[in-house]
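model this:
(one chain, ligands or ions: 1)
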Amino acid sequence: MSSKTNVWSQVQEVLAANKAKPALVEALEALLAPKQGGGSTNPPMMIDGVQHYWCRFHSRYEPETNMVMSNDKSKGYCRAAISAWNKRNTAIKKLEKEIGELIIAGDMDQARECSEELKAAKDQISNYSTYDFDADWAVFNRHAMVEVKGQL
Ligand SMILES: [Zn+2]
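The predicted structure follows:
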């Protein structure tokens with residue numbers, strides 16, 4: 001049993017014992033209830049008058065301007081995160097192509113080596129803990145500046 005689940009059952013006991021107000025119970029439920037199906041249930045949140053959404057790649061709230069939005073709904077990730085994901089995905093596709101070429105060329109040792117690299121890359125792309133908020137946004141902003149310069 002996770003510590004979060006422990007906390008939740010303790011909170012439920014306290015609430016029941018104290019006949020807490022329904023609104024408070026609801027708010028605490030949303031905050032502490034165990035996550036269903038492992039998915040993120042972090043609701044949108046107003047912080048300093050700015051709408052924030054949960055970025056699942058960076059495990060934090062980010063302002064709406066950071067987020068990838070669709071029909072006024074957050075996709076659950078920011079622009080820097082999806083940019084980092086795209087970059088990794090491009091590298092994976094490139095590796096897959098290289099491995100194919102190596103196999104055709106009969107270079108099995110090299111192909112095996114690249115396959116190890118490919119496996120690691122595939123493990124990492126879906127592992128949110130390998131994404132770094134500061135680093136991903138630094139890369140994203142640098143890239144955006146180059147694009148602006150290119151347009152001048
Ligand atoms: Zn993010």
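
only C-alpha atoms for contact and neighbour calcs from this point on.
Will do.

Look up which residues are beta-bridged to the closest residue to the ion within the chain.
Per CA to the ion, the residue of the chain with the smallest distance to the ion is Cys78, at 4.2 Å. The partner list for Cys78 in beta bridges (DSSP bridges) reads Met67.

How about the contacts made by it?
Contact analysis of Cys78 by CA atoms under 8 Å, 6 or more residues apart in numbering lists 55, 62, 66-68.

Need the per-residue pLDDT for the residue lying farthest from the centre of the chain.
What lies farthest from the middle of the chain is Gly106; by CA atoms, centre = their mean that is 38.7 Å. Each residue has a pLDDT score; the one for Gly106 is 97.

Next: Thr5.
What the model reports as pLDDT for Thr5 is 59.

now do Ser2
Per-residue confidence at Ser2 stands at 49 (pLDDT).

What of His143?
On the pLDDT scale, His143 gets 82.

Shouldn't it be within a helix?
Yes: assessed with DSSP: H, G, I helix; E, B strand; the rest coil, His143 lies in a helix.

List the backbone torsions phi and psi for the residue nearest in space to the middle of the chain.
With the centre of the chain defined as its mean C-alpha position, the nearest residue by CA atoms, centre = their mean is Phe57, 1.4 Å away. The main-chain torsion angles of Phe57 are listed as degrees, to the nearest 10 and equal phi -70, psi -40.

C-terminal to the helix or strand of the chain with the lowest mean pLDDT, what's the next element?
Between all helices and strands in the chain, the lowest mean by mean pLDDT, DSSP states H and E belongs to helix 22-32, at a mean of 64. The C-terminal neighbour of helix 22-32 among helices and strands, as given by DSSP states H and E, is strand 45-47.

Please name the strands paired to that next one in the sheet, noting orientation.
According to DSSP bridges, strand 45-47 has these partners: strand 50-55 (antiparallel).

quick revisit: out of the contacts of Cys78, which are buried?
Buried positions within those, assessed by neighbour count (16 or more other CA atoms under 10 Å), are 55, 62, 66-68.

can you tell me which two in these are farthest apart?
In the buried ones among the contacts of Cys78, two members sit farther apart than any others by CA to CA. They are Glu62 and Val68, at 10.7 Å.
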